[in-house]
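Novice: sequence below, structure please.
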Amino acid sequence: MASSINPNNIDTAYPVAGQDNDSQGFRDNFTNIKTNFTYSKSEIQDLQSKVILKSALSGTTLDNDMAGALVTSMKVTDLRETRVPKGTLSGSVDLDISEGPFQTLTTSGSVTLSFSNWPAAANHSKLRLQLTVANISHTLTLPAAVSLGTDGITGINSNIITFPETGTYDFEFTTNDGGSTINVVDLNRSKENIRYNSEDLAASAAASLDVTASYFDTATAETATLAAGVAGQVKVFAMTTDGGDMVITVANAGWKASGSGTITFGDIGDGCTLMYLNSKWVCIGNNGCTFA
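Specialist: Residues are numbered from 1 along each chain as shown. Okay, the predicted model is just below:
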């Protein structure tokens, strides 16, 4: 801003020593000094209310709220984000974007998320949630506005995420229309892992949705489970050693009118390929397995 203070309107040579001086000169100087003090006060107060401060001014509380003001061509180092610990919760949990961009939550039961205070439309905003799942029975339900990126989320069905194991999961939510449409990204589990990796499926275990293929070597009769997948996801099962039947209980079985179904592997070499279509696991290839 341009300052209104004028240091040139003060006659520094007045009064003149050794002679009578007109009192008007004193009055002019005093008036101009007072005017400049008035400008100074106004401009300092304006700065106090608008500038970014390293620490609070005396008698005030630090508040560097930019209120959406534009900042351009800025170079930063050692940038930090506020961590907001939500605690251990279940049920309805609201994530207030104005509290901070990184929030943590531990489940004590299934959680249904909501969001509040997204910036207005035409502003891109994001929130990262670090979720610690304490029990695989705990699910995470996303609001209906989360409609983009869901096809890349392992274990999601109708915006409800089922987790294959306990642990910590990171999700990033972004929007540019004030939260009407939200994109979600799973930051821990990539699509590449879903497509190309395999696992040795243990007895009584849940088949991982993070890998394409699950094989098993049975020593006796064994069981396992497969949770709901994501649209277009492929899952392959194969018996590589036969020490007893393997029976896998499959959620949303496409060969059933509704609910779960089973696949029985009775001999070495038995295998099948499933694809998750229209919220069901559908068999698209079978070698020796029995479906029920």
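
Novice: any idea how far the residue nearest to S137 when sequence neighbours are not counted is from A206?
Specialist: Spatial nearest neighbour of S137, chain neighbours left out: S110 (7.6 Å); criterion: Cβ to Cβ, 6 or more residues apart in numbering. Quick note: C-beta positions are derived from backbone N, CA and C, even for glycine. Relative to A206, S110 is positioned 17 Å away (criterion: Cβ to Cβ, to the nearest Å).

Novice: and the helices in the stretch 1-150 of the chain?
Specialist: 23-50 (DSSP state H, counting those that start in this stretch).

Novice: what is the end-to-end distance of stretch 244-256?
Specialist: Taking Cα to Cα, to the nearest Å, the first and last residues of stretch 244-256 lie 25 Å apart.

Novice: what residues sit buried inside it?
Specialist: Applying a neighbour-count criterion of 16 or more other Cβ atoms under 10 Å, one finds D245, M246, V247, I248, V250, A251, N252, A253, G254 buried in stretch 244-256.

Novice: between which two of these is the distance greatest?
Specialist: Longest distance between any two of the buried residues of stretch 244-256 is 22.6 Å, between D245 and N252; criterion Cβ to Cβ.

Novice: for H138, which non-adjacent residue is closest in space?
Specialist: Leaving aside its sequence neighbours, H138 sits nearest to T107 (Cβ to Cβ, 6+ apart; 4.1 Å).

Novice: with W255 instead?
Specialist: F291 (5.0 Å).

Novice: isn't that neighbour up against S260?
Specialist: No: using Cβ atoms under 8 Å as the test, F291 is too far from S260 to be in contact (11.8 Å).

Novice: which residues do the two both contact?
Specialist: Contact criterion Cβ atoms under 8 Å, 6 or more residues apart in numbering; residues shared by F291 and S260: A253.

Novice: picking that back up, pick out whichever of S110 and A206 has more residues nearby.
Specialist: A direct count of neighbours by other Cβ atoms under 10 Å for S110 and A206 places A206 higher, at 20 against 15.

Novice: after the lowest-mean-pLDDT helix or strand in the chain comes which helix or strand?
Specialist: Least confident element among the helices and strands of the chain, by mean pLDDT, DSSP states H and E: helix 191-196 (a mean of 52). For helix 191-196, the following helix or strand on the C-terminal side (DSSP states H and E) is strand 198-200.
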